[in-house]
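A.B. asks: Structure for the following, please:
(one chain, ligands or ions: 1)
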Amino acid sequence: MASPPRQMSIGMNILGLGGHGAAWRLAEVPSNSLLGVEYFQNIARISERGTLDAIFLADGPALNGNVATNPVGGLEPTVLLTAVALATKYIGVIATASTTYNDPYNLARRIASLDHISGGRAAWNVVTTAGDIAAQNFGLTGAPLHQDRYGRAAEFLDIAIKLWDSWEDDAVINDWKNGVFADAKKVHTIDHAGEHFSVRGPLNVRRTPQGRPVLVQAGSSEGGKSVGSRYADAIFTTQTTLEDGQAFYAEMRNRARAWGRDPDSLKIMPGLSTVIGSTEAEAHARCDELDSYQGELGLAGQIAARIGIAVSDLDLDAPLPWDRIIDVRAAQRDANTRALGGGSHGFFEAQINLARRENLTVRQLSKRIRSGHRLAVGTPEQIADTLEEWFKSGAADGFNIMPDMFPSGAEIFVDEVVPLLRRRGIFRTEYTGTTLRHHLGLSRPKSQYEDEEDCERLLAV
Ligand SMILES: Cc1cc2nc3c(=O)[nH]c(=O)nc-3n(C[C@H](O)[C@H](O)[C@H](O)COP(=O)(O)O)c2cc1C
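C.D. replies: The predicted model follows:
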């Protein structure tokens, strides 16, 4: 029987009041909407109307960014997404949480709770959290070294998966007449003793509707790619050119294969920042208006922050200072330094690759990147074209969309772009399941302890 046509996955990344740093200046809603749930529930309903796979919340345990010029900060994602899940029925909810500044038991429990409450729509975007500001909220002077962060992340994920598996699916018997609630042999301690953690288990939350919540991973350094290809169900990434997208996509599938995984079990979802207008001129006018609030230095400042060079050291009309860039990259690659303040290699590479491939000046580069991701400014057809191109040319299985402003940017995408993707046969016209794993085309994993049980049962024969 012919397999169903390959369909792309789409997440809606709710970055504050919009993916553009100046969104709050033209805000369609008051900035204190970020402290309520209605704003996020509304965007989730719009996204669900467009049969998107999930909404996504980035996060970090620090007040990052300049509070003098931006409404930075925000509600904690797992708490907020619980309220969003209750206001929706199908759309997935992806919460970002750090492996560096959490402990496995509590975080595994929180995400499992969200999966039960949402009826199997929860995902955890696994980050190790770059930057020194967060570190200083947890008794450290600076971000731990890259390889230390990812070493901890790998062990953290091992534990979280064991905890989520610690109740077998048929552990609960609920025989109230005879007073037997569960088969205790099917609720397992995990007895983990490792370099960073020791955790007894079991989890005090039963196995979730998805078996395990979906694991998303964001971080494209060597460590990030290793952890992502080994554990993640989906990768949120940031390539800015089609060539780099294709290279990353192929590399991650090969890495997954090397871990003994089916490469189709790993969905690659690059970010895309969008500014959409009914005409190209209208889209650019909308973008220029937003840009005018940030000014060229403000836009260049975002580039500077991600490459670890002061904006005052950049000449807007010149290319990036490649000699300095090479030094930063060398320091970054030196496992014993904390170049970029421990910042993201992924964002660093994404920016310099675009600048180098197209020989862009700083000013030109700053017009092509928003929130660290590739920026598409144009009509709904042009947005659908670039999504289709990346999807069909081996650069993406889906995308994490970051509209310039909410809610209008989400509405335009859902009402104007989604119908085009459907007509092209590359996106769903309706939900055919109720869990996020189903939407993403992922199977429901068995508990690792079932295998053990099966082995013991077989041995006992
Ligand atoms: C696409 C993308 C999204 C990210 N989102 C977050 C985030 O929401 N919160 C966070 O603390 N780190 C985020 N990061 C950074 C990494 O997860 C992590 O902090 C890591 O240290 C740096 O990433 P790297 O592996 O690219 O160097 C993101 C990185 C990428 C590439």
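A.B. asks: and the top helix by length along the chain, is it in reach of the ligand?
C.D. replies: Counting by DSSP state H, the longest helix found in the chain is helix 280-307. No. Judged by C-beta under 6 Å from any ligand atom, helix 280-307 makes no contact with the ligand; its nearest approach is 10.1 Å. Where you see a C-beta, it was placed from the backbone N, CA and C, and this is true even at glycine.
A.B. asks: mean confidence score for that helix?
C.D. replies: The average pLDDT within helix 280-307 is 93.
A.B. asks: Okay, buried residues for that helix please.
C.D. replies: Judged by neighbour count using 16 or more other C-beta atoms under 10 Å, the buried positions of helix 280-307 are 283, 286-287, 290-291, 294, 298-307.
A.B. asks: That one packs against which elements?
C.D. replies: strand 267-276, helix 345-358, helix 362-366, strand 373-378 (3 or more C-beta pairs under 8 Å, 6 or more residues apart in numbering; DSSP states H and E).
A.B. asks: which is the next helix or strand following it?
C.D. replies: As assigned by DSSP states H and E, the chain's next helix or strand after helix 280-307 is helix 322-333.
A.B. asks: pLDDT averaged over that next one - what is it?
C.D. replies: 85.
A.B. asks: Next, the buried residues of that helix.
C.D. replies: Buried-residue list, helix 322-333, by 16+ other C-beta under 10 Å: 325, 328, 329, 332.
A.B. asks: With distance to the ligand as extra columns, can I get those in TSV?
C.D. replies: Listed next are the buried residues of helix 322-333 as TSV, based on distance: C-beta to the nearest ligand atom, whole Å:
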residue	distance to the ligand
325	16
328	13
329	12
332	8
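A.B. asks: Which pair of those spans the longest distance?
C.D. replies: 325 and 332 (10.2 Å; C-beta to C-beta).
A.B. asks: Then residue 215 would be within a helix, right?
C.D. replies: No. Read with DSSP: H, G, I helix; E, B strand; the rest coil, residue 215 is strand and lies in no helix.
A.B. asks: State the distance from the residue lying closest to residue 73 once chain neighbours are set aside to the ligand.
C.D. replies: Distances taken as C-beta to C-beta, 6 or more residues apart in numbering put residue 63 closest to residue 73, at 5.1 Å, once the chain neighbours are dropped. Here the criterion is C-beta to the nearest ligand atom, to the nearest Å. By it, residue 63 lies 13 Å from the ligand.
A.B. asks: Also residue 378?
C.D. replies: Residue 378 is 22 Å from the ligand, by C-beta to the nearest ligand atom.
A.B. asks: same check, this time on residue 360
C.D. replies: In terms of C-beta to the nearest ligand atom, residue 360 sits 20 Å off from the ligand.
A.B. asks: Contact partners for that residue?
C.D. replies: Taking C-beta atoms under 8 Å, 6 or more residues apart in numbering, we find residue 360 in contact with 319, 354, 368.
A.B. asks: who does the first one bridge with?
C.D. replies: Residues found in beta-bridge contact with residue 319 (criterion: DSSP bridges) are residue 361.
A.B. asks: how about the residues of the protein that lie near the ligand?
C.D. replies: 58-60, 96, 98, 127-130, 149, 218-221, 223-224, 236-238, 271, 344-347.
A.B. asks: thinking again about what came up before, off-centre distance for the longest helix of the chain?
C.D. replies: Using C-alpha atoms, centre = their mean, to the nearest Å, the mean C-alpha position of helix 280-307 is found 23 Å from that of the whole chain.
A.B. asks: contacting residues around the strand or helix carrying residue 251?
C.D. replies: Element membership of residue 251 [criterion: DSSP H and E] is helix 242-258. The contact list for helix 242-258 (C-beta under 8 Å, 6+ apart) reads 220, 225-226, 228-230, 235, 237, 239, 262-263, 265-266, 268, 270, 349-350, 353, 357, 389-390, 393-396.
A.B. asks: Separate out the buried members of these.
C.D. replies: The buried subset of the contacts of helix 242-258 - by 16+ other C-beta under 10 Å - is 220, 225-226, 228-230, 235, 237, 239, 263, 265-266, 268, 270, 349-350, 353, 390, 395-396.
A.B. asks: Restricted to helices, list these.
C.D. replies: Among those, the members found in helices (DSSP H) are 225, 226, 228, 229, 230, 349, 350, 353, 390.
A.B. asks: ok, the last one touching residue 397?
C.D. replies: What that stands for is residue 390. No. Using C-beta atoms under 8 Å, residue 390 is not in contact with residue 397, being 9.7 Å away.
A.B. asks: shared neighbours, those two?
C.D. replies: By C-beta under 8 Å, 6+ apart, no residue touches both residue 390 and residue 397.
A.B. asks: Among the helices and strands packed on helix 280-307, show me which one is buried the most.
C.D. replies: strand 267-276 (a mean of 26; mean count of other C-beta atoms under 10 Å).
A.B. asks: For it, name the packing helices and strands.
C.D. replies: strand 9-13, strand 234-237, helix 242-258, helix 280-307, strand 373-378, helix 380-392, strand 398-403, helix 408-412.
A.B. asks: Go again with 6 Å.
C.D. replies: strand 234-237, helix 242-258, helix 280-307, strand 373-378, strand 398-403 (3 or more C-beta pairs under 6 Å, 6 or more residues apart in numbering; DSSP states H and E).
A.B. asks: and that strand, C-alpha only, in CSV?
C.D. replies: What follows is strand 267-276, C-alpha atoms only, in CSV (Å, rounded to 0.1, in the frame of the first residue of the first chain):
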residue,chain,number,x,y,z
LYS,A,267,12.4,15.5,12.7
ILE,A,268,14.6,18.5,11.7
MET,A,269,12.8,21.8,12.1
PRO,A,270,14.7,25.0,11.4
GLY,A,271,13.4,28.3,12.6
LEU,A,272,12.0,30.9,10.1
SER,A,273,11.2,34.5,11.1
THR,A,274,8.4,35.8,8.9
VAL,A,275,7.0,39.2,7.9
ILE,A,276,4.0,38.7,5.6
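A.B. asks: Tell me which strands that strand pairs with, and in which orientation.
C.D. replies: Strand 267-276 has these strand partners (DSSP bridges): strand 234-237 (parallel), strand 373-378 (parallel), strand 398-403 (parallel).
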